[in-house]
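**Q** No letters, just coordinates:
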């Protein structure tokens, strides 16, 4: 479990992500990582990649920004106000081991 001032994030062995925002939510909310849409020859055909498992989660001290590292080279971002994680396409394949947040990260 990852804990900040206002948010708690829990990841289970079955790769489910749960978030509780103490000032907003009455209970933990469950999230599923989105499928990744890939492109093939000339972008005419698209394929869907199954969402990868969760390797690591980083939460800023105030709980506004949640960075999720998938074990398949896919990375995701969940903002305090978001209802589902977003795929970070620019970081596909990046081996993220450390994330730092600026002191005024709200």
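**A** Looks like it came in fine. Everything quoted here is computed from the prediction, not taken from an experiment.

**Q** Flag the shaky bits of the chain, pLDDT-wise.
**A** Judged by pLDDT under 70, the chain has its weakly predicted residues at 37-52, 104-106.

**Q** ranges for the strands of it?
**A** Applying DSSP state E to the chain gives strands spanning 2-3, 7-11, 17-21, 29-31, 36-39, 46-49, 54-59, 65-70, 75-79, 86-87.

**Q** quick one: strands adjacent to the last one?
**A** Strand 86-87 has the following strand partners under DSSP bridges: strand 75-79 (antiparallel).

**Q** Next: the third one.
**A** Strands flanking strand 17-21 in the sheet, each with its direction: strand 7-11 (antiparallel), strand 29-31 (antiparallel) (DSSP bridges).

**Q** Any buried residues in the shortest one, and which?
**A** Applying a neighbour-count criterion of 16 or more other CB atoms under 10 Å, the buried positions in strand 29-31 are residue 31. All C-beta atoms are positioned from the backbone trio N, CA, C, and that covers glycine.
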